[in-house]
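Trainee: predicted model and sequence below, questions to follow.
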Amino acid sequence: MSSTGFNSRNGTGQTYANGPSQNPGMGFNIGSQAPYSPMPTKGPVAPGAGLYNSGPYQPGPPAGPYQPGPPAGAYQPGPPAGAFQPGPQAGPYQPAAPVSSYHPPPGQPPLTRPPMGGPPPTLTPPQSSSPAPRMPHAQATPPPPAAMSHNYYPNQPPQQSPSPAWQYGAAAPPAAAPHGAMRAPPSGPVGNHVGPMNPAATLLPPQPSPSSSAGYAPTPLAPVPHSTAPGSGPGPVPLHGYTQPGNASTPPPMAPHPYQPASAPYGALPTGHAMPPMGPPPMGNATPPPPKAEGPSAGNGHQAPYAFNHLENKMAGAPQSGPPGRHLGHYPSLPPGYNNTPASQGAAPPMHPPMQTAPSQYPPQPQLYQQPPGGPGLAQMSSSLASLSLQGNTPEALRVVNLLQERNLLPAGPIPAPTPPLPQDLQKVNCNPEVFRCTLSSIPQTQSLLNKAKLPLGLLLHPFKDLSVTLQLPVVTSSTIVRCRSCRTYINPFVSFLDQRRWKCNLCFRVNDVPEEFMYNPISRSYGEPQKRPEVQNATIEFIAPSEYMLRPPQPAVYLFVLDVSHNAVETGYLNVVCQSLLDNISALPGDTRTKVGFITFDSTIHFYNLQEGLSQPQMLIVSDIEEIFLPTPDSLLVNLNECKELVQDLLKSLPHIFEKTMETQSALGPALQAAFKLLSPTGGRVSVFQTQLPSMGVGALKSREDPNQRASAKDIQHLAPATDFYKKLALDCSGQQVAVDLFLLSAQYCDLASLGCISRYSAGSVYYYPSYHHQHNPAQVERFEKDLKRYLTRKIGFEAVMRIRCTKGLSIHTFHGNFFVRSTDLLSLPNVNPDAGFAVQMSIEENLVDMQVVSFQAALLYTSSKGERRIRVHTLCLPVVNSLTDVFAGADVQAVTGLLASMAVDRSVSASLGDARDAMTNAAIDSLASYRHAALTIQQPGLLAPACLRLFPLYVLALLKQKAFRTGTSTRLDDRVFSMCQLKFQPLVYAMLMIHPTLYRVDDLSDQGALNISERTIPQPRELQLSVEKLCREGAFLMDAGSVMHLWVGRSCNPSFLTQVLGVPDYAALPQNMYQLPELETAESQRTRAFIGWLREQRPFYPSLHIIRDDSPQKGDFMQNMIEDRTESALSYYEFLLHMQQQISK
């Protein structure tokens, strides 16, 4: 995986090791961030010696088929470490073919899963030599998504160009100069945007200074050769054959490597053996393979020229005769029930004809493909013996899994976060993973060890999460908050007490004195035991801050509503919903006796409302000069809610009627936002903007940039970056005055969310998107909007907040993800903070952690509550330090890694291109498993091997490639794509994972077996199913939970009792097309189904809409698009993706 410098910067200035002392009340000048900078001109970059930024990367000895090959794949051989040859150009790389952007040759049969039995099929590479037109989808078989350079000249070596990849440990370069008249702070902060790519012509690894411990200079990186130099090491011992585990008469399937928790990275492999060329994995004997085709593809016509030109002689054996070009071997065929039937143009793949088998019986363990007939050979015997002797020493996280053999990798229920291998006393007080988790629960001792693992190191936070009964939040009121005098870390459970009067900081190791007041324990009312104080017993705690944490008196809760009242807005009917919801919840708005509210409406003019106490009715004030916006009566537009509640209620009742006959079609959103900023600048607060169309007048006016004809056919997606910097600049002004802007977008037309979203992104606001909203035509969206709005109005809120993340000396944070503005190097400015916001950071290891057993991370959030209290919420996470690669892999948190990669990919899509982001995600999965195979496994085996903790990584990466944010080849509205990207960056991990990989349940046979009992309710717990139509049957009903939406698909021959007892219809024909609610029936089946769906909805703060889909419904396509494991016209199936990964790893 070569490096093109993924320097995504969500508002970073310089990196920091421990961070300056926290000064939450500091003054500042808002700095302007550099705009999104496109990738430099693409050009070839010579491969170099290092990929990651910890000095020269030492490639390990070759293992099996991982040999230097032609430079067409994702792995490019290079000179030995240290012998770097500078490249000729600053361009990062040649673009690679995205996973889903290739077209099949004519007549090529669809790729199918290998048969359950029989001998492995013969590989017959098709031949190609020149470009070919797109073939009909019925025969579409997309080739593997190789990230590589193209060579259009047969039999001529192509230019070497590294494939896109991320620099996991690299800090981003300095930000560009500020624009406009805005000045950046002295420390050079930038906003949370993607910074410019490094323009260096040669990406060299940084050389750490031996004398510097905290200073960190961002340095370009060099691409790493992914194959070792010939002769640098011996090959591994070949092992063949697998058997079903648990069978006493046959050996185990796999020989796990010895697990040595504290050992150094592995040494040289035994000599004298070479891995044979990789063919298809050994198959079982349940289903005979299809007849072997002789010649280029028997019965299917000529081969498509250049259909596979991005793969060059990857398969074993001599080149086939035929036209010059590159060759690709046939994939083995798939077993019945997995072979996807190609869909018609623009439609979802149809259901398979053989639907007899219902997935109602769940196997208790992963189901492996059967061993081919014949006795075990010598290699298999040695593998089995090694497995038997080492089984007891290998933890479950490092159990070796052959992904090509094990089909059912999904667990029956949710995947828990890995538990760090800490002493019991530390682990029981560690921070809850729902609030604070790391991509690696065991931190590598050095950056070079992290580089070898090819996994990103980062933190994912949910700092203001609503803490349930199980996660109680201790609140401490004290005039003295104990902090380190050097790095300003808050005292926490992981500090060490040298005696009763001194404690040692766990981040900078300074020895501090224990204040006298801290000697008293308010819980036990005892004196002299500071180690028993609640601050030292809880990893998550909240302090009520004393006056030194305030620069000004705490601000009141201030809410301003900015409403679009153009003709288009009134037609949607949203205004009635907003006004009614406010009337219902006006008394539940968080706040106290100081709470203020105000209203602005706009079309081609701006309308203010005088709600001053003493008026008999609200007074509308219209400002038609939108070029020079001003406030007509500044003192009476924001009023005290308690004193003027009746006037506010009168306004809310009359607003829908005032504009119901309007014919004004223009939208002056920009001037309305300027007016809102002027109105809230003195106090700060929250602006809630409701917009239904593209802004067309005044500053910030936009023009449509979407071409519907290119949604699916475009090679790359354009216009993901904002069209203007007006909204970003205004957001930075808002952030400086403690104003956050939340955007509600309700539209059936393109609104340029890429531009409008900046107003929320940089002011720490939120974006809500309701496509095709209409009060009559889309009742499901109306219901979702009502529920979301109620939650939005009544949830807790923090004002004028700042957050800083600190880490142990030797670690540094260099990139932030989320909605915020970076005020000074590492201090995130959050004018508002809400309980549904998530954040992520990337880290690197600046200094070796040789003398440390553990490291710690601390996030401190200082905010003003809606009651006017200044509070500090502190979360501290402790993780062990390890010095062996196997321990690093054992601690990998696959969901956290996926979530961080998704945020990185969003930034790469905007700064470079969507194709770059797709290729980099693919290479991330390939590189991590290649590193595991060649550097962590001591006994080499054929197949695509992964540790059990990363067994779902390829599946999650494929899910990202098919996610709305990153998919290609499917008609996706630009606003839909951009909103999906916003969600991946802003949502906490647990909610983002539902978007990435939805969950599928069978619900027509729910029972009380294994059910949960919550508040006298019985909640069924059906098993999670794989996302493949193989798991569907026409006799069943299946619920897909995709986060913000749920689909209940009902088969044509669905169980009649489910239709009558749950759906309330006599038969399938009576099931309506647009059904979005379950009837409340007094049947046990109905109560179980509604209890289960209700319980799923309660797990998240937003309200997912439910769509009940018939098998012949137009909405079936939405359901089928989430079948990630199946092949589509433009994207690989899961099994094909695994085969592609195996080919890349085996080069």
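Mentor: That came through fine. Just so it is clear, the model here is predicted, and its values are computed rather than measured. Residues are numbered from 1 along each chain as shown.
Trainee: tell me which stretches of the stretch 851-1000 of the chain form helices.
Mentor: If you assign secondary structure with DSSP state H, counting those that start in this stretch, the helices in the stretch 851-1000 of the chain sit at 885-890, 894-911, 914-931, 953-961, 974-986, 989-996.
Trainee: nearest to residue 484, out of these?
Mentor: Minimum separation from residue 484 across these (Cβ to Cβ) falls at helix 894-911, 27.5 Å. Bear in mind the C-beta positions are built from the backbone N, C-alpha and C, glycine included.
Trainee: my guess is residue 556 contacts residue 592, does it?
Mentor: Yes. Taking Cβ atoms under 8 Å as the contact criterion, residue 556 and residue 592 are neighbours in contact, 7.4 Å apart.
Trainee: what do the two both touch?
Mentor: Common contacts of residue 556 and residue 592, defined by Cβ atoms under 8 Å, 6 or more residues apart in numbering, comprise residue 868.
Trainee: these two: which is more packed in?
Mentor: Taking residue 556 and residue 592 together and counting by other Cβ atoms under 10 Å, residue 556 has the greater number of neighbours (22 against 14).
Trainee: looking at this, residue 828 is in a helix?
Mentor: No. Following the definition DSSP: H, G, I helix; E, B strand; the rest coil, residue 828 is strand and is not counted among the residues of a helix.
Trainee: who's in contact with it?
Mentor: With Cβ under 8 Å, 6+ apart, residue 828 has these contacts: 11, 802-804, 816, 818, 820-822, 839.
Trainee: turn the residues you listed into TSV, columns for secondary structure, neighbour count and distance to residue 425.
Mentor: Formatted as TSV, the entries for the contacts of residue 828 read as follows, by DSSP: H, G, I helix; E, B strand; the rest coil; neighbours: other Cβ atoms under 10 Å; distance: Cβ to Cβ, whole Å:
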residue	secondary structure	neighbour count	distance to residue 425
11	coil	27	37
802	strand	23	32
803	strand	26	29
804	strand	24	28
816	strand	24	32
818	coil	23	33
820	coil	29	35
821	strand	30	39
822	strand	27	36
839	strand	28	29
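Trainee: ok, these vs residue 869, which is closest?
Mentor: So of the contacts of residue 828, ranked by how close each gets to residue 869 (Cβ to Cβ), first place is residue 802, at 15.7 Å.
Trainee: next one, pLDDT for the closest one please.
Mentor: The score at residue 802 is 96. That number is its pLDDT.
Trainee: can you report how many residues neighbour residue 486?
Mentor: When neighbours are counted by other Cβ under 10 Å, residue 486 registers 16.
Trainee: do I have it right that it meets residue 508?
Mentor: Yes. At 5.1 Å, residue 486 and residue 508 qualify as touching, with contact defined as Cβ under 8 Å.
Trainee: roughly how far does residue 795 sit from residue 400?
Mentor: The span separating residue 795 from residue 400 equals 45 Å under the rule Cβ to Cβ, to the nearest Å.
Trainee: any weak-confidence spans in this protein?
Mentor: Along the chain, segments meeting pLDDT under 70 span 1-393, 468-470, 711-715.
Trainee: how many residues are close by residue 934?
Mentor: Neighbour count for residue 934, taken as other Cβ under 10 Å: 25.
Trainee: rewinding a little: save the contacts of residue 828 as TSV, and put in distance to residue 576 too.
Mentor: What follows is the contacts of residue 828, written out as TSV (distance: Cβ to Cβ, whole Å):
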residue	distance to residue 576
11	38
802	38
803	38
804	43
816	39
818	33
820	34
821	35
822	40
839	35
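Trainee: which one of those residues is nearest to residue 629?
Mentor: Nearest to residue 629 among the contacts of residue 828: residue 821, at 23.3 Å, using Cβ to Cβ.
Trainee: contacting residues around residue 805?
Mentor: When the contact criterion is Cβ under 8 Å, 6+ apart, the partners of residue 805 are 19, 459, 461, 813, 826, 841, 857-860.
Trainee: which of the residues you listed fall within strands?
Mentor: 459, 461, 813, 841, 857-860 (DSSP state E).
Trainee: does residue 542 touch residue 873 like I think?
Mentor: Yes. Using Cβ under 8 Å as the test, residue 542 is close enough to residue 873 to be in contact (4.7 Å).
Trainee: give me the common contacts of those two.
Mentor: When Cβ under 8 Å, 6+ apart defines a contact, the residues bordering residue 542 and residue 873 alike are residue 473.
Trainee: and the two? which has more neighbours close in?
Mentor: Neighbour count, other Cβ under 10 Å: between residue 542 and residue 873, residue 873 has more, with 24 against 19.
Trainee: distance check, the more buried one against residue 665.
Mentor: Between residue 873 and residue 665 the distance, using Cβ to Cβ, works out to 46 Å.
Trainee: hang on, the earlier thing: out of the helices of the stretch 851-1000 of the chain, which is closest to residue 1072?
Mentor: Relative to residue 1072, the nearest member of those by Cβ to Cβ is helix 974-986, separated by 25.7 Å.
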